[in-house]
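1. Provided below for reference: sequence and predicted model.
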Amino acid sequence: MIRLQNVTKVYEGNVIASKDVTIEISRGEFVFLVGPSGSGKSTLLRLMMREEKPSNGDIWVAGKHASGMPGWKVPHLRRSIGTVFQDFKLLPTKTVYENVAFALEVTGRPRHVVRSQVPQVLKLVGLSSKADRYPRQLSGGEQQRVSVARAFVNRPLILLADEPTGNLDPATSVGIMRILDRINRTGTTVVMATHDHAIVDAMRRRVVQLERGRVVRDQSRGVYERRTEPASGPPLPPSEEPVVTPPPPEPEIAKVEDAAPTEEFKAWSESGGEAS
Amino acid sequence: MIRLQNVTKVYEGNVIASKDVTIEISRGEFVFLVGPSGSGKSTLLRLMMREEKPSNGDIWVAGKHASGMPGWKVPHLRRSIGTVFQDFKLLPTKTVYENVAFALEVTGRPRHVVRSQVPQVLKLVGLSSKADRYPRQLSGGEQQRVSVARAFVNRPLILLADEPTGNLDPATSVGIMRILDRINRTGTTVVMATHDHAIVDAMRRRVVQLERGRVVRDQSRGVYERRTEPASGPPLPPSEEPVVTPPPPEPEIAKVEDAAPTEEFKAWSESGGEAS
Amino acid sequence: MERKRGRGLLMRIQYVLNEAFNNIRRNPLVVVGAILAVFITLFLVFATLIAGEIARVNTLRWTDDVRVIAFLDDDADVDTLRADIESWVEVEEVFYVSKPEAYEEALELLADQQTVLETLQDAPEIIPASLRIKPVEIGEYDVIENRLQNMIGVFSVESADAAIDAMNSIRGTLQTFSLALAIALGVAAVALIANTINMAIYARREDLEIMRLVGAGNWFVRTPFLLEGVIEGLLGGAVAVAVIVGLYRLGLGSLETVEIITLEVDSEFLFTFGLLIVTFGAIVGLIGSGVSLALNRYIRS
Amino acid sequence: MERKRGRGLLMRIQYVLNEAFNNIRRNPLVVVGAILAVFITLFLVFATLIAGEIARVNTLRWTDDVRVIAFLDDDADVDTLRADIESWVEVEEVFYVSKPEAYEEALELLADQQTVLETLQDAPEIIPASLRIKPVEIGEYDVIENRLQNMIGVFSVESADAAIDAMNSIRGTLQTFSLALAIALGVAAVALIANTINMAIYARREDLEIMRLVGAGNWFVRTPFLLEGVIEGLLGGAVAVAVIVGLYRLGLGSLETVEIITLEVDSEFLFTFGLLIVTFGAIVGLIGSGVSLALNRYIRS
Ligand SMILES: Nc1ncnc2c1ncn2[C@@H]1O[C@H](COP(=O)(O)OP(=O)(O)OP(=O)(O)O)[C@@H](O)[C@H]1O
Ligand SMILES: Nc1ncnc2c1ncn2[C@@H]1O[C@H](COP(=O)(O)OP(=O)(O)OP(=O)(O)O)[C@@H](O)[C@H]1O
Ligand SMILES: [Mg+2]
Ligand SMILES: [Mg+2]
């Protein structure tokens, strides 16, 4: 589904963001991209959706030579990819509803499809009651969920998610992850950059770890942290007086506001009618 | 230091973001604001820095009546507050160095202070080598660290931080938290909205939990999750095949790139010379 | 397949219209700025065109008085001559001025040349009778002159050659000047409007970038902006025409009586040029947005 | 304390200058747009002013030929009369035209009035000698006329009253017109420049909001923008003046020989008005940015 072959990306100013990366991701896989800040996770996702061109190497996405195609073919490629951006990238002059509908409109879906799909997806991410708000009227987490909704509303072949839970509390994060998991189970390939070790550790999927632009680990059913690495210093300073430490919290199911995600998801995934 | 008295904030469209909130934060306290997405954390921080005015109730910050002061006095108030914004709010036409220097320039600090302080602070957050980049040339986490550096470069009385680690990997997050902790120990009041339960649970400071705009918990040396609450559903679906679950990761010390934060911090906090 | 494609097209048209109107509704400052620029520049262009037309109408009136004068022998056959001349295609009208009438006229014309006048008064009969001939086209006076010269009964032909040429040249200068001004203003209008729309698009560069990232094709992103440019151009042009016509009608009522030159302009002229101005606005709006979309690096793929 | 405050002020001035120049360097599209708008509009204003000046100089030349004519009795004492008249303050120059000269002149002037000419040829002596008097101020011709009328040896006074009045009125009209045009264009320039700078600030509304959030005071945020407006206005104005002066010098070289009217304009005029235009640009830039900062809701506290 996605293949990167010896990909190197050098930004202007001689910044090496990816170095000789080779990854092959099959149809239906769920891949976590992990690594410290600035290690090149977003760069890899940007390369996959052809927001950037590699300085070297080749990229194939959904059977197309993404790194080599002419500019006018790019929109077509992007329509088969749903993307959750790290900085959301919502259109400030469009409402929540319109932002999500936009992803359907670019593919020319008839209006009745838009009218039935968008509300369902918004319900899924728990934003039904905020459909008519503008992005600046939303909290950070709500904006992030709009970005998530827009990414999968047109049932893409590939879903690229750049820290889709960075602004969400653990409960809502789990809700979003359940949705991504279900989408993945319907056959969509998911690549997700994340810093949330709780999620990575609970889901145990393929983990690709980056460091300074290089792939340093590619492990199926991996965890966030490589166990071989030693802890390199004293822990965070606790409050002066000792207290009873509670057990570490377990990831919980989503408390998405409007309805239980399971039923919502069923309704949404069964209503695919018009869209092939 | 900060006092909110029966504060209610209703946004246009009749959105109630804070409801009858009364909190008193003393000088030198470290307070975590927690709560699900959209529960009103950012709104409270916005009210404290007078980005918004409360619909009802009164707010005192640093001895001033923040909710009642005339508009032209607001800049003065804000200069005694450092803010890390959830969406960073960096100036796109200024470099990293200039963005951080700006917070000193607005207070009219002489140039040699700017010249000595800014590089030190950038070293502290691990961005020395990226001082001349523009925000769009940075990764998400790097932008977030610039926002952090700007917030405390002028040694404010109060530091408001809105999810300052949302885009950071756990190691860098711990680094940032160590810096905030040290700043707090030098007498700065810190209020931080966060979703990171690992950090909250490790640091055991005062926790104010919000839900739908109301304060539902205000606990000194608290943890992220109220223990009385039952888990409300099945856990995240793991990969099909069973694997050995590693122990949950402990928060590690910062692996901030340029140098050990401790020494950096010492240098920075001793160089306060010019600034009172 | 056919039907589906047809419906898709309809969807897109609907989308484009929607999008353009939403943009206009939600970015009032930018849109008002663009319309203002179109309005001011086209106002100036249209005002210049009208001033030029007023000059043209008025200088045309001067030439109403242009006559070729054929002085007649005392024994000329006036009626035959007159009928003959009237039949020429170049001639519009012929008047006969008898000897006594000519004397009266001369007295008036030479009122301030006392010396000449005194001489005349001594011999009133030296002023001959004449036919005054109005040419259809002011430029044809020399053809008429030549034909008259050879006719029996005409002893001398006169026409104010110098005066006619001067009038023609003043008319020409005025017309050239107002045309040049209108063209200069038109060019300035194109540049200013394109510039304004360019900045309007620059102000929304992030939107455009995001649209492309979500998979919108070139034309899906561009068409609403092009349409918006056209609408802004149309509105600006329409406001300019409305304001000018309003001011003009207002000015006409209060000014016409005081001045001897007419300010009346053919209402068909107003209509035609008003329409032209509005069309011009729309085209410039289209060009402006087209150019900025082509130039703007944020929108290029 | 005193010293510290002084240094703070210096810091701020340095900051403001730095900021303004950085803005200009880093937002080339917006800045070029604003400068373009200033340039085009001020170009038009300046061009109109020069056209007006050319008209003024040329119509002034017409009035060089204005003379009051005193026809003299055959026995008049020409030299005394002449000396007398030359001493009047209203009079600039006096010429004497003798009888034969006057006859020659009449033959020329009346060349196309054959009938009158024939009469004249029969009696060349009826054309009297005359003094041609050039007034200092064209408007004073009637004072001179009145004084002449009562002098001994002058049998008749003549001046082309109608012609002088016509000339004066054409001059007046041309001057009023070019002034009106320059003012209209000036007003349009103010509106267009303010509009453009307004949009430039709109394009950077987020920057301004962020600056305020970080604790920047009103003037800390505004002054760089005001300065930027002034610089853009100055640059636009300077480019307009440079281009016009360049074009004008170019045009002068190639055109002057073909036309009888002079295109030469006082270089002091060019300098003074060039300076005025540049100053005007700077002021309009200041007003433009001031107005937008006042209007723009993103910057108000
Ligand atoms: N400008 C606004 N206009 C209208 N509603 C708003 C506005 N800003 C925030 N809200 C609403 O107020 C509520 C609280 O928002 P706030 O940003 O304080 O949440 P938060 O706790 O910071 O959430 P998150 O963790 O997702 O950032 C949300 O429901 C949001 O939709
Ligand atoms: N446009 C750009 N120009 C120059 N350098 C860039 C640009 N974009 C990213 N970089 C640099 O490339 C490196 C990798 O960036 P990237 O955004 O891929 O990191 P990331 O792994 O997503 O980090 P984070 O977790 O902080 O989002 C960083 O050091 C960053 O500074
Ligand atoms: Mg990233
Ligand atoms: Mg928030």
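-> On my side now, so go ahead. None of the values given here were measured: they were computed from a predicted structure. Ligands and ions are numbered 1, 2, ... in the order given.
2. Quick one: name whatever helix or strand follows the longest helix out of those in chain C.
-> Criterion DSSP state H: the longest helix present in chain C is helix C:161-203. Remark: after helix C:161-203, the chain's next helix or strand is helix C:205-213, criterion DSSP states H and E.
3. Just after that next one, pick out the following helix or strand.
-> Sequence-wise, the next helix or strand downstream of helix C:205-213 (DSSP H and E) is helix C:218-255.
4. what is the mean pLDDT for that following helix?
-> Per-residue pLDDT over helix C:218-255 has a mean of 85.
5. Report pLDDT for the closest residue to ligand 1 within the stretch 151-300 of chain C.
-> Residue of the stretch 151-300 of chain C nearest ligand 1, by CB to the nearest ligand atom: C:E206 (18.9 Å). To be clear about C-beta, it is placed using only N, CA and C from the backbone, and glycine gets the same treatment. C:E206 carries a pLDDT value of 84.
6. One more: the one 3 residues further on?
-> Per-residue confidence (pLDDT) for C:E209: 88.
7. Then the one 4 residues further on?
-> Looking at C:L213, its pLDDT stands at 92.
8. What parts of the stretch 101-250 of chain C come near chain A?
-> Residues of the stretch 101-250 of chain C lying near chain A by CB under 8 Å from any CB of the partner chain: C:204, C:206-207, C:210-218, C:220.
9. In a markdown table, list the residues you listed along with neighbour count.
-> As requested, those are exported to a markdown table (neighbours: other CB atoms under 10 Å in any protein chain shown):
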| residue | neighbour count |
| --- | --- |
| C:R204 | 21 |
| C:E206 | 14 |
| C:D207 | 20 |
| C:I210 | 20 |
| C:M211 | 24 |
| C:R212 | 22 |
| C:L213 | 18 |
| C:V214 | 24 |
| C:G215 | 24 |
| C:A216 | 21 |
| C:G217 | 21 |
| C:N218 | 16 |
| C:F220 | 21 |
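10. Can you tell me which of these lies closest to B:R145?
-> C:E206 (23.0 Å; CB to CB).
11. Tell me the helix or strand right after the worst-scoring helix or strand of chain C on mean pLDDT.
-> When the helices and strands of chain C are scored by mean pLDDT, DSSP states H and E, helix C:114-122 comes last with a mean of 69. Counting by DSSP H and E, the next helix or strand C-terminal to helix C:114-122 is strand C:130-135.
12. what angle separates that next one from helix C:161-203?
-> Calculated by axes from the mean of the first three to the mean of the last three CA atoms, to 10 degrees, strand C:130-135 forms an angle of 20 degrees with helix C:161-203.
13. Let me know whether A:V121 touches A:A149 as I believe.
-> Yes: A:V121 is within contact range of A:A149, at 4.7 Å (criterion: CB atoms under 8 Å).
14. who touches both of those two?
-> Residues touching both A:V121 and A:A149 (CB atoms under 8 Å, 6 or more residues apart in numbering or on different chains): A:V100.
15. And the strands in chain A?
-> Ranges of strands in chain A, per DSSP state E, are A:2-11, A:15-25, A:30-34, A:56-61, A:64-65, A:81-84, A:158-162, A:189-193, A:206-211, A:214-219.
16. just checking, what packs against the last one?
-> Okay, so that is strand A:214-219. Judged by 3 or more CB pairs under 8 Å, 6 or more residues apart in numbering or on different chains; DSSP states H and E, the packing partners of strand A:214-219 are strand A:15-25, strand A:206-211.
17. Any chance of a markdown table for those, columns distance to D:Y15 and mean neighbour count?
-> Compiled in a markdown table, the helices and strands packed on strand A:214-219 are given as follows (distance: least, CB to CB, whole Å; neighbours: other CB atoms under 10 Å in any protein chain shown):
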| stretch | distance to D:Y15 | mean neighbour count |
| --- | --- | --- |
| strand A:15-25 | 30 | 19 |
| strand A:206-211 | 40 | 21 |
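18. Turn those into JSON lines, including mean pLDDT and distance to C:F273.
-> Listed next are these as JSON lines, based on pLDDT from 0 to 100; distance: least, CB to CB, whole Å:
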{"stretch": "strand A:15-25", "mean pLDDT": "95", "distance to C:F273": "59"}
{"stretch": "strand A:206-211", "mean pLDDT": "96", "distance to C:F273": "67"}
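19. So, low pLDDT: which residues of the chain?
-> Answering for chain A, as no chain was given. A:227-266, A:268-276 (pLDDT under 70).
20. actually it's chain C I care about, not the one you picked
-> Residues of chain C meeting the criterion pLDDT under 70: C:1-8, C:59-66, C:109-116, C:119-120, C:123-126, C:138-139, C:158-171, C:253-263, C:296-301.
21. Number of residues surrounding the residue in the stretch 51-200 of chain A positioned nearest to ligand 2?
-> Of all residues in the stretch 51-200 of chain A, the one sitting closest to ligand 2 is A:Q86 (5.7 Å; CB to the nearest ligand atom). Residues contacting A:Q86 under the criterion other CB atoms under 10 Å in any protein chain shown number 23.
22. and what of C:R249?
-> There are 10 residues near C:R249, going by other CB under 10 Å.
23. and of the helices and strands packed on strand A:214-219, who's closest to C:V97?
-> strand A:15-25 (96.6 Å).
24. What helices and strands are in contact with that closest one?
-> For strand A:15-25, where contacts count as 3+ CB pairs under 8 Å, 6+ apart, the packed elements are strand A:2-11, helix A:41-48, strand A:214-219.
25. quick one: strands adjacent to that strand?
-> Counting by DSSP bridges, the strands paired with strand A:15-25 are strand A:2-11 (antiparallel).
26. can you tell me if the partner strand touches ligand 2.
-> Yes: legend: contact between strand A:2-11 and ligand 2 by CB under 6 Å from any ligand atom is shown at A:Y11.
27. Of all the residues in that strand, which ones are buried?
-> The neighbour-count check on strand A:2-11 (16 or more other CB atoms under 10 Å in any protein chain shown) flags A:I2, A:R3, A:L4, A:Q5, A:V7, A:K9 as buried.
28. excluding its backbone neighbours, what's nearest the fifth one?
-> Ranked by CB to CB, 6 or more residues apart in numbering or on different chains and with sequence neighbours excluded, the top spatial neighbour of A:V7 is A:G57, at 3.7 Å.
29. could you measure the one you found against A:R46, distance?
-> 14 Å (CB to CB, to the nearest Å).
30. higher neighbour count, the two?
-> Each of A:G57 and A:R46 has its neighbours counted (other CB under 10 Å); A:R46 has more, 21 against 17.
31. OK, contacts around the more buried one?
-> A:R46 is in contact with A:E52, counting by CB under 8 Å, 6+ apart.
32. do you know how far it is from B:N56?
-> 45 Å.
33. ok so, going back, tell me which of the residues of the stretch 101-250 of chain C next to chain A is nearest to C:M151?
-> Nearest to C:M151 among those, with distances taken as CB to CB, is C:N218, at 75.5 Å.
34. wait, that closest one sits on A:P75?
-> Yes: here C:N218 reaches A:P75: they are 7.3 Å apart, a contact under CB under 8 Å.
35. CA-only coordinates of stretch A:53-62, as PDB, when you get a sec.
-> Written as PDB, here are the backbone C-alpha positions of stretch A:53-62 (Å, rounded to 0.1, in the frame of the first residue of the first chain):
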ATOM      1  CA  LYS A  53       8.900  15.700  -2.300                       C
ATOM      2  CA  PRO A  54      11.900  13.500  -1.200                       C
ATOM      3  CA  SER A  55      15.300  14.800  -1.900                       C
ATOM      4  CA  ASN A  56      16.300  11.300  -2.700                       C
ATOM      5  CA  GLY A  57      14.600   7.900  -3.100                       C
ATOM      6  CA  ASP A  58      11.100   6.800  -4.200                       C
ATOM      7  CA  ILE A  59       7.700   6.600  -2.700                       C
ATOM      8  CA  TRP A  60       4.700   4.600  -3.900                       C
ATOM      9  CA  VAL A  61       1.300   5.200  -2.300                       C
ATOM     10  CA  ALA A  62      -1.800   3.300  -3.300                       C
END
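36. If anything else comes up later, I'll come back, but that's it for now.
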